[in-house]
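Q: return a 3D structure for these sequence lines:
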Amino acid sequence: MDYNRMNTESKKTRIRRTNEQVDKAICDALTTLAGQMPLARITVNQLIAEAGIEAAVFFKRYSSIDDLIYEYVRDHDFWLGETVSYRKMDKEGAERYYIRTLEGLCRHLDSNGPLRDSLLWELASDSEAVKKIADIRELENESLLAYYRKYFKGTGLDISGVTAVLIAGIYYLYLHRGKSTFCGLDLNTEKDSRRLLRLLSRTVHTLFAEAGKSTSDDSVRNSELARRMEAKGLDRAAICDILDLTPDELAALLPE
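A: Next up is the predicted model:
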């Protein structure tokens with residue numbers, strides 16, 4: 001037996017990689033496997049085989065497969081990637097911004113298979129990683145919900161509850177679309193995808209209108225800009241000049 005030859009071949013198969021190369025191999029392996037099966041079914045053995053690493057190398061970085069999937073989900077999550085911008089809200093108006101956020105979620109779910117897979121992983125797993133991603137998502141978006149709760153204060157509308165129902169419905173429709181139609185909606189078709197966006201827009205407009213909060217885009221924008229200017233210490237005469245409003249028009253936007 002040629003031991004020298006065996007040692008040479010063994011050394012050839014053990015290619016030394018940098019930490020960055022190993023990390024990339026792990027991430028690439030997870031992405032590949034995620035395209036072949038649900039995230040919840042991926043095992044460490046499958047991952048290390050795909051990445052071409054030993055188990056010790058993997059566990060040096062992650063305590064479990066769920067810890068790796070947590071990072072993968074965090075990178076693909078719509079809410080963690082969507083930075084709340086009050087500047088955009090001031091420009092678009094509270095109602096339009098709310099609609100645009102839901103439309104953005106629909107488009108993200110439509111085009112992002114990993115995000116849909118990550119939602120199924122969350123439903124199928126009871127790991128600490130799942131609880132962690134859910135808690136972070138809640139914390140990241142609390143400021144947006146707090147804004148809308150304040151915006152709808154005194155209207156009798158539970159905007160947090162309404163938001164939960166709308167988002168949950170959107171999630172379910174996109175997760176279900178590979179099974180069959182749902183109440184006649186087929187999100188595999190462009191026609192019904194556009195129909196869903198129109199339904200969301202009309203639903204939100206109705207909610208804002210019933211709560212007495214649906215106004216023209218210019219009016220909403222001016223109201224929120226005036227509110228922010230006044231909070232910065234500008235007097236009402238200056239605000240009228242900047243927004244080109246009469247004192248009466250400003251008084252309607254900023255009641256005493």
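Q: tell me where the model's unsure across the stretch 1-150 of the chain.
A: 1-15, 81-91 (pLDDT under 70).
Q: okay, helices next: where are they in it?
A: Under the criterion DSSP state H, counting those that start in this stretch, helices of the stretch 1-150 of the chain are mapped to 3-13, 19-34, 44-51, 55-61, 65-76, 78-81, 86-92, 94-111, 113-124, 128-151.
Q: as a markdown table, those helices with mean neighbour count would be great.
A: (Each C-beta comes from the backbone N, C-alpha and C, glycine too.) As requested, the helices of the stretch 1-150 of the chain are exported to a markdown table (neighbours: other Cβ atoms under 10 Å):
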| stretch | mean neighbour count |
| --- | --- |
| helix 3-13 | 9 |
| helix 19-34 | 15 |
| helix 44-51 | 17 |
| helix 55-61 | 13 |
| helix 65-76 | 19 |
| helix 78-81 | 15 |
| helix 86-92 | 15 |
| helix 94-111 | 18 |
| helix 113-124 | 18 |
| helix 128-151 | 15 |
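Q: any idea which of those helices gets closest to T189?
A: Between T189 and the helices of the stretch 1-150 of the chain, the tightest spacing by Cβ to Cβ is seen for helix 94-111, at 11.4 Å.
Q: just the CA trace of the closest one, in CSV.
A: Taking Å, rounded to 0.1, in the frame of the first residue of the first chain, the C-alpha atoms of helix 94-111 are listed here in CSV:
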residue,chain,number,x,y,z
ALA,A,94,-50.7,58.4,6.9
GLU,A,95,-53.3,56.7,4.9
ARG,A,96,-51.2,56.3,1.7
TYR,A,97,-48.2,55.2,3.7
TYR,A,98,-50.2,52.5,5.4
ILE,A,99,-51.5,51.3,2.0
ARG,A,100,-48.0,51.4,0.5
THR,A,101,-46.6,49.3,3.4
LEU,A,102,-49.2,46.5,2.8
GLU,A,103,-48.6,46.7,-1.0
GLY,A,104,-44.9,46.4,-0.3
LEU,A,105,-45.4,43.3,1.8
CYS,A,106,-47.5,41.7,-1.0
ARG,A,107,-44.9,42.3,-3.6
HIS,A,108,-42.1,41.1,-1.3
LEU,A,109,-44.0,37.8,-0.6
ASP,A,110,-44.8,37.4,-4.2
SER,A,111,-41.2,37.6,-5.3
